[in-house]
Each structure stands twice: as C-alpha cells, then as structure tokens.
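Colleague: Got a predicted structure plus its sequence, pasted below:
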Amino acid sequence: MPDGPAISFALEASDTPVSGELQRAYFADIAGRYPGWSPDLIPSADPAEVAPPAGAWVVAYLGDVPVGCGGVKRLDERTVELKRIYLADAARGHGVGRRLLEELEEHARAFGYECVRLDTGDRQPEALGLFRSAGYVEIADYNGNTWATYWMEKRLV
C-alpha cells in the first residue's frame, strides 16, 4: 500500500475494546470456515498469557484503523506460540499480514525465545502460504488442537 495509509503496530492488552472486536472478527472468520468450531474448543490465549513479561499482544493499524492482531504466548523457556493471528479482508494482499507476523517474531526475539510455533487448518490456505513463505516448517502436533491440520515452527536463532 505505497500511497495508502501508514501501517503501524501497537502493543496492547488483548482484552481492550479494539482487541476484542478484532478477536470477534477472527472467531467469526474461523467459525465460517470450520462448522462446529468455537473458541472454547481450542488451546487458550487468555489476556494474561499474551501479555508481558512472557508474552505480547499486537494490534496492526492502517492509519488509525485497527485491521489485525496476534499474540505471543509462552510455551516454555525457549518456545512461544503465535495465537489468533487475524487480518481484516480489506488489509489482505498488501503485505500487512507478513509485517504483522514479523512484528510478532520480533517480540518473541526480544523476550529471548529461540523458537516460534503455530498451528493452522486446511481451510486457511492464505495463512498456510504466508507461514511457509516466512520460513515455518511442519512439525508434529504439539498442542492437541483437534481443529488444526498443520503444526509449524520457525527457529529464531
């Protein structure tokens, strides 16, 4: 979006009104792709789990409009999981998703983590393509998410 609004990122709490609205949009998107899915059927991303000192919650903005979000959740002393990565339809296809992913990885690095993991399903081909092109490789199921088809990780060091 070279001539469009500036892309920026802000560390925020995941339970603010803005973050809540983005997560509701994420939940609606996922529920539309996977009939029967609901947020209480997957591994947690509670506000305390995606907050400092061990985690982070990032909101992406185009100008002053919130268009995406994602979290960093500690799994162990070396590994984090990326949670609830979402990008509004209007912001897709312009590099915002890749920049959001890089921002989340930078927060993981800043906390000293060595590895980032995530999961995604087979009805999210755009997410799978982004993750693969960003260097994520498939691994075995690490979190028991029955809605996921792919479990992936990327080494940060």
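Modeller: Arrived safely, thanks for sending. Residues are numbered from 1 along each chain as shown.

Colleague: mind checking the longest helix of this structure?
Modeller: Under DSSP state H, the helix in the chain containing the largest number of residues is helix 17-33.

Colleague: Now do the helices in this protein.
Modeller: Counting by DSSP H, one finds helices in the chain at the ranges 17-33, 96-110, 125-133.

Colleague: Please name the nearest non-neighbouring residue to the residue sitting nearest the centre point of the chain.
Modeller: Against the mean C-alpha coordinate of the chain, by Cα atoms, centre = their mean, the closest residue is residue 85 at 2.4 Å. Nearest residue to residue 85 in three dimensions, chain neighbours excluded: residue 70, at 4.0 Å (Cβ to Cβ, 6 or more residues apart in numbering). Where C-beta positions appear, they are placed from N, C-alpha and C, glycine not excepted.

Colleague: Same check on residue 115?
Modeller: In this structure, residue 115 finds its nearest non-sequential neighbour in residue 79, 4.5 Å apart by Cβ to Cβ, 6+ apart.

Colleague: what residue ranges in the protein score low on pLDDT?
Modeller: Scanning the chain for pLDDT under 70 picks out the ranges 1-3.

Colleague: can you do 50?
Modeller: Along the chain, the parts satisfying pLDDT under 50 run over 1.

Colleague: Tell me where it has strands.
Modeller: 7-11, 56-62, 65-74, 79-87, 115-120, 137-139, 150-155 (DSSP state E).

Colleague: Can you get me a residue count around residue 78?
Modeller: Using other Cβ atoms under 10 Å as the criterion, residue 78 is surrounded by 12 other residues.

Colleague: quick one, what contacts the residue lying closest to residue 78 once chain neighbours are set aside?
Modeller: Distances taken as Cβ to Cβ, 6+ apart place residue 114 nearest to residue 78, at 4.5 Å, with adjacent residues excluded. Residue 114 is in contact with 78, 79, 155, 156, 157, counting by Cβ atoms under 8 Å, 6 or more residues apart in numbering.

Colleague: Not counting sequence-adjacent ones, nearest residue to residue 141?
Modeller: residue 151 (5.2 Å).

Colleague: Out of the strands of the chain, flag the one nearest residue 38.
Modeller: Counting by Cβ to Cβ, residue 38 lies closest to strand 79-87 out of those; the figure is 13.7 Å.

Colleague: In the sheet, which strands lie alongside the closest one, parallel or antiparallel?
Modeller: strand 65-74 (antiparallel), strand 115-120 (parallel) (DSSP bridges).
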